[in-house]
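[1] sequence and predicted structure are below.
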Amino acid sequence: MKVLILAAGYATRLYPLTLNKAKPLLTIGGKPILEYIFDNIKNVDDLREVYIVTNSKFAKDFSSWASKYKFHKPVKVIDDGTTSDSDRLGAIGDMLFIINQAKIDDDLMVIAGDNLFNFELEPFVEFARKKNKACVGVHDLANKSLLSRYGVLSLDENGKVIEFQEKPAVPKSSLISMGLYYFPKGKLSLIGEYIKSGQKPDQPGNYISWLSKKEDVYGFVFKVDWYDIGDPVSLKEATQKFEKGA
């Protein structure tokens with residue numbers, strides 16, 4: 001299995017804080033957000049390699065971080081060639097870029113680089129491997145007023161995705177996508193099919209919605225704290241929580 005960390009965005013909602021610093025490299029609780037992700041994947045069984053996809057603006061910063069950070073598996077930083085928010089490839093576009101660039105032919109776990117959580121991922125990986133289908137990490141959002149900011153899922157009793165709403169005005173569930181995905185190697189070609197069909201290359205929820213209409217997709221519900229560092233409010237909340245030793 002390989003892991004892809006999506007870190008090619010420009011985090012404009014956090015300007016000026018992220019004007020000259022990539023969001024995954026912001027420090028919370030004494031270390032960069034990115035290091036929490038690595039802490040959570042280090043014990044995943046059969047992990048072979050980690051890719052960080054970033055942009056030309058921040059590629060040197062990520063490479064500098066990777067050269068100093070000690071990890072037990074190879075970590076590769078890949079520049080997607082974009083230079084601003086206006087020419088970015090989008091999350092799904094970056095997934096396809098790395099699959100092609102690195103010639104990935106393994107199961108692939110994809111993690112958004114602004115995910116902040118403090119739990120291990122083995123149960124999610126085990127669930128996904130048993131299903132042998134695309135799987136999504138899911139969080140039950142307590143603050144229902146925030147649901148329209150996220151991809152909202154409806155699951156059946158077996159965890160199968162029966163509907164996916166991307167940032168809905170009227171959410172049908174309190175379950176949201178965490179920006180955590182697992183794709184069996186036999187399904188990776190569908191990402192290219194999605195892009196070629198003219199679908200939106202950003203927001204992975206759009207891909208999950210499209211994919212769930214073609215074949216079974218499953219959601220794994222985590223019952224733990226999780227933060228999506230999307231704006232100053234969420235950054236402040238996460239910082240307060242993690243500085244207290246969450």
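    In hand now; what should we look at? Residues are numbered from 1 along each chain as shown.

[2] any idea which element I191 lies in?
    Counting by DSSP states H and E, the element that carries I191 is helix 189-196.

[3] now S234
    Residue-wise, S234 maps onto helix 232-243 under DSSP H and E.

[4] model confidence over that helix, on average?
    Averaging pLDDT along helix 232-243 yields 76.

[5] from D61, how far out is A11?
    Distance of A11 to D61, given as Cβ to Cβ, to the nearest Å: 13 Å. C-beta here means a position set from N, CA and C on the backbone, and glycine is covered the same way.

[6] shaky segments in this protein?
    Residue ranges of the chain with pLDDT under 70: 230, 244-246.

[7] just the strands from this protein, written as ranges.
    With DSSP state E as the criterion, the chain has strands at 2-6, 27-28, 31-32, 49-54, 75-79, 108-112, 115-117, 135-140, 151-155, 161-166, 175-183, 218-222, 226-228.

[8] I'd like to know how far the residue lying closest to T239 once chain neighbours are set aside sits from D114.
    Once flanking residues are discounted, T239 sits nearest to I28: 5.2 Å by Cβ to Cβ, 6 or more residues apart in numbering. Per Cβ to Cβ, I28 is found 11 Å from D114.

[9] show me what the helix holding S234 is in contact with.
    By Cβ atoms under 8 Å, 6 or more residues apart in numbering, the surrounding residues in contact with helix 232-243 are 13-14, 17, 26, 28-30, 116, 118, 225, 227-229.

[10] pull out the buried positions in it.
    The neighbour-count check on helix 232-243 (16 or more other Cβ atoms under 10 Å) flags S234, L235, A238, T239, K241, F242 as buried.

[11] run the chain-centre distance for it.
    In terms of Cα atoms, centre = their mean, to the nearest Å, the centre of helix 232-243 is found 19 Å from the chain centre.

[12] what's near enough to touch the residue lying closest to E122 once chain neighbours are set aside?
    Closest residue in space to E122, ignoring its immediate chain neighbours: V44 at 6.0 Å, by Cβ to Cβ, 6+ apart. For V44, the contact set (Cβ under 8 Å, 6+ apart) comprises M1, V3, M109, E120, L121, E122, V125.

[13] please tell me how far L96 sits from S84.
    The gap separating L96 from S84 is 20 Å, by Cβ to Cβ.

[14] of these two, who's got more company?
    L96 (21 against 11; other Cβ atoms under 10 Å).
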